[in-house]
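Q: below are the sequence and a predicted model for it; my questions follow.
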Amino acid sequence: MLSGERKEGGSPRFGKLHLPVGLWINSPRKQLAKLGRRWPSAASVKSSSSDTGSRSSEPLPPPPPHVELRRVGAVKAAGGASGSRAKRISQLFRGSGTGTTGSGGAGGPGTPGGAQRWASEKKLPELAAGVAPEPPLATRATAPPGVLKIFGAGLASGANYKSVLATARSTARELVAEALERYGLAGSPGGGPGESSCVDAFALCDALGRPAAAGVGSGEWRAEHLRVLGDSERPLLVQELWRARPGWARRFELRGREEARRLEQEAFGAADSEGTGAPSWRPQKNRSRAASGGAALASPGPGTGSGAPAGSGGKERSENLSLRRSVSELSLQGRRRRQQERRQQALSMAPGAADAQIGPADPGDFDQLTQCLIQAPSNRPYFLLLQGYQDAQDFVVYVMTREQHVFGRGGNSSGRGGSPAPYVDTFLNAPDILPRHCTVRAGPEHPAMVRPSRGAPVTHNGCLLLREAELHPGDLLGLGEHFLFMYKDPRTGGSGPARPPWLPARPGATPPGPGWAFSCRLCGRGLQERGEALAAYLDGREPVLRFRPREEEALLGEIVRAAAAGAGDLPPLGPATLLALCVQHSARELELGHLPRLLGRLARLIKEAVWEKIKEIGDRQPENHPEGVPEVPLTPEAVSVELRPLMLWMANTTELLSFVQEKVLEMEKEADQEDPQLCNDLELCDEAMALLDEVIMCTFQQSVYYLTKTLYSTLPALLDSNPFTAGAELPGPGAELGAMPPGLRPTLGVFQAALELTSQCELHPDLVSQTFGYLFFFSNASLLNSLMERGQGRPFYQWSRAVQIRTNLDLVLDWLQGAGLGDIATEFFRKLSMAVNLLCVPRTSLLKASWSSLRTDHPTLTPAQLHHLLSHYQLGPGRGPPAAWDPPPAEREAVDTGDIFESFSSHPPLILPLGSSRLRLTGPVTDDALHRELRRLRRLLWDLEQQELPANYRHGPPVAPSP
């Protein structure tokens, strides 16, 4: 699994790695990975040696040639200076003569003419027993050991480094064990399992860095590179293979093994490919590895007074040379020898190789050939460069080190107020590459996804890529006009497509007939096949409507115009379906910024069409009629015809708005969150959706206005008509409209017309409920106000009239219950039912009731309304209301100041439906009328495309062959 963490710290130059894996195997200096500046400086702590009782605060020298190594070699036999030096050395080492004769330098005091045997005061048995890989040579002089500083990197407080004894045969594991004992971190002094586990938890690291800025006493260490030494490597020999450049310093550090490996792996991709400013970690070309070790040991130093015998110099040089070779060096030499053999073999197979004589390869030329041996990674996706911009700077393999890989030009800042530049994994220097050009996501789940940034030219298998798409192994990814990559993912294990999708479908096949001259070389289709495919699209039933941005305005205008004119026999939600196909094509196929513009244009066209329709209805149904012209009330049939276009637009706009909301959410998730144009696009989408909201509100308002206007003239019959006419029987629940009493038919006719209209227009169920809720609210308020008004002038509040009103109201509620609207009607007619129930109470029972009991039995009536009904109730000639009906002093003010009429402004608010759209854009189109309209629009787009071509290039719409 690729790491999705984003590396912080370090400059962009050293923060990315685009070197092929093969280069890291064959280049020794690439084994050292760069450390970020976030790690604490090891030299910021004062130096402290555990071997002596004194502390040293001296800073590191500015250009140390190599790690400080105190060599204890041949000591002069005479002189007071040499004697004092021997005393100082004796504090660290114990020397004894072995009695073995051989060639070597002069010994120290007490060991004249013989090879000295050096050992640590504490670790002599371990040093003697730790040389298992190489048999002891009793006849050879042992190279003198040295004191090596190992920095603890914060292992112990107050101690910056510890000095340990190291010989040419000392391995890194042995030095780690000794250093841990010096730091007091050894598990068991006896060398038991505890010590072994403690040693396994740490590793010796070869660190390279430079001191801080020049200044007196400023010896702060700044580590730049790090390499973990193997357990069998010889640190004393490794440090002599090469020397640091001036201005750089080198030292050994002791770190936790897991921490060291993590630092090395994290910074593996952060090394600079050009190596600018970094020292060479390769051995100097003018110093061979053999001369760096064997010659120094074979020849005595000046002033030693003795030298190597002539007969044993070559043998000792060979032995010392083998001693100085570390495991990594031997592995590297074997690898280079095999590469040289392959190179010789490749050159021998070249044309003219038999006549040409191959001489010794130039070291510089060998390095270049070594870098050409590239081995692709086996556990990470990568991109293979097929075409680049600058051959000297471009690499062949670009490895994905994170789940999300970003291609871009990069830079110091984004140019807006000095804000930081966007994070980029792979830097491409072509002029047409954007700072953040393209993003590839390759997680553990396949396939990978590629998403271009806004305005970035990206091609996928030769086709322009505008939206996020799947990226399969073998696909071609073009960035700009210069870069072309092939995506590879070795984790798939060959599960990708057998043939790349960009290859011809029929390689080698020759299309029959003259169509071969016009065949598409990319997909292998001939002219006849292309015509058949186009005919299948024009006449097909797939819910797809393809168009170019230049044809968008004409297409949207045609759809809206046909819907407004009511042309054809489209299904009720046909216009919304066609417009949703346009939105879907823009969201999937066109550029990111096209969808907001399309939504804005679409919303404006719908608003203009609805406004025009409202104006037409208003002209036919004016609010103010001329004087002398009686106003003709609207019939249910007439209002149904007038409101059908508005109800259709309300239904279509509601479904279209839900679909648009889904697409906008998908666009926001898919878009790059760092895209500066994303906020502008979302604002444009919000404006378009606000226009659609306004259209829904306006159509709803106009619809309920004309319905309530029709109800206003029919509702008074509920208070005046007598359902108990001679010879008439009361209908039961669920009766037809014709079976209802004549006084109730006009009102129920309006309810039935509204119910049929919402059903025919396929209005959303939530809007249907709210439409009838508003109608019932208006009916309740209108009837209650009429009831309150009629009781003031004449005797109206009496038991017989109340029974008739109660019966009419029960018949209306029963009919609405049969139509599926009983719950809504019961809720909104509650106050009118309470008022009528009060009037239906028998006179004797009503006279016994008190104000408090009546308030409790009729809670929906206000004190003013209850007092109005009781004060105007007809008890008989000359009888007034009893004193028990008088309101208490606490409610007297509410009775006097309260309004007895219901306000029409307290209607319930319109709440737009939530949830997914009911439009189904999957599967074939089954409605024949919608299919005919879809075919007409496709051919319209074909005609618009042909009109742009010259006359001799135009073609008529192809006809699909008969089956």
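A: Ah, there it is. What you see is a predicted model; the values in this text were computed from it and never measured.

Q: what does the pLDDT read for residue 543?
A: With respect to pLDDT, residue 543 scores 93.

Q: these two touch, right, it and residue 582?
A: No - using C-beta atoms under 8 Å, residue 543 makes no contact with residue 582, being 11.5 Å away. C-beta coordinates here come from the backbone N, C-alpha and C atoms, glycine included.

Q: in a strand, that's where residue 384 is, yeah?
A: Yes - according to DSSP: H, G, I helix; E, B strand; the rest coil, the state of residue 384 is that of a strand.

Q: isn't it up against residue 489?
A: No - the criterion here is C-beta under 8 Å, and residue 384 misses it with residue 489 at 11.4 Å.

Q: out of the two, which sits in the more crowded spot?
A: residue 489 (20 against 14; other C-beta atoms under 10 Å).

Q: from residue 478, how far off is the closest residue to the more buried one other than its chain neighbours?
A: Here the nearest residue to residue 489 in space, its sequence neighbours aside, is residue 381; by C-beta to C-beta, 6 or more residues apart in numbering that works out to 4.3 Å. The span separating residue 381 from residue 478 equals 18 Å under the rule C-beta to C-beta, to the nearest Å.

Q: now residue 908
A: When distance is defined by C-beta to C-beta, residue 908 is 58 Å away from residue 478.

Q: which of these two has more neighbours?
A: Neighbours around residue 908 and residue 478, counted as other C-beta under 10 Å, are more numerous at residue 478. The numbers are 21 against 10.

Q: give the contact list for the residue lying closest to residue 908 once chain neighbours are set aside.
A: Nearest non-adjacent residue to residue 908, counting by C-beta to C-beta, 6+ apart: residue 773, 5.8 Å away. The contact partners of residue 773, taken as C-beta atoms under 8 Å, 6 or more residues apart in numbering, are 824, 828, 908.

Q: return the backbone torsion pair for residue 773.
A: According to degrees, to the nearest 10, the main-chain angles of residue 773 amount to phi -60, psi -40.

Q: next one: residue 469
A: phi -140, psi 160.

Q: that one contacts residue 452, correct?
A: No - with contact defined as C-beta under 8 Å, residue 469 does not reach residue 452; the gap is 9.0 Å.

Q: neighbour count winner among those two?
A: When residue 469 and residue 452 are compared for neighbours, residue 452 comes out ahead with 26 against 19, by other C-beta under 10 Å.

Q: isn't the more buried one right up against residue 437?
A: Yes - taking C-beta under 8 Å as the definition, residue 452 is a contact partner of residue 437 at 7.4 Å.

Q: got a pLDDT number for residue 143?
A: Per-residue confidence (pLDDT) for residue 143: 55.

Q: try residue 266
A: The score at residue 266 is 70. That number is its pLDDT.

Q: pretty sure it is in a strand, no?
A: No - using three-state DSSP, the secondary structure at residue 266 is helix, not a strand.

Q: okay, now it: neighbour count?
A: Residues near residue 266, counting by other C-beta under 10 Å, number 17.

Q: can you tell me how far it is from residue 427?
A: Going from residue 266 to residue 427 by C-beta to C-beta gives 19 Å.

Q: with residue 742 instead?
A: Computed with C-beta to C-beta, the distance linking residue 742 and residue 427 is 87 Å.

Q: more neighbours, these two?
A: For residue 742 versus residue 427, the count of surrounding residues by other C-beta under 10 Å is larger for residue 427: 19 against 11.

Q: bridging residues for that one?
A: When bridges are taken as DSSP bridges, the partners of residue 427 come out as residue 408.

Q: is it in contact with residue 406, as I believe?
A: No - using C-beta under 8 Å, residue 427 makes no contact with residue 406, being 10.0 Å away.

Q: okay, and for the stretch 51-200 of the chain, where does confidence drop off?
A: Within the stretch 51-200 of the chain, the stretches falling below the threshold (pLDDT under 70) are 51-144, 153-154, 156-159, 186-196.

Q: now with 80?
A: Across the stretch 51-200 of the chain, the ranges flagged by pLDDT under 80 are 51-146, 153-160, 185-197.

Q: for the stretch 701-850 of the chain, same thing?
A: Counting by pLDDT under 80, the ranges of the stretch 701-850 of the chain that qualify are 725-730, 732-734, 791-795.
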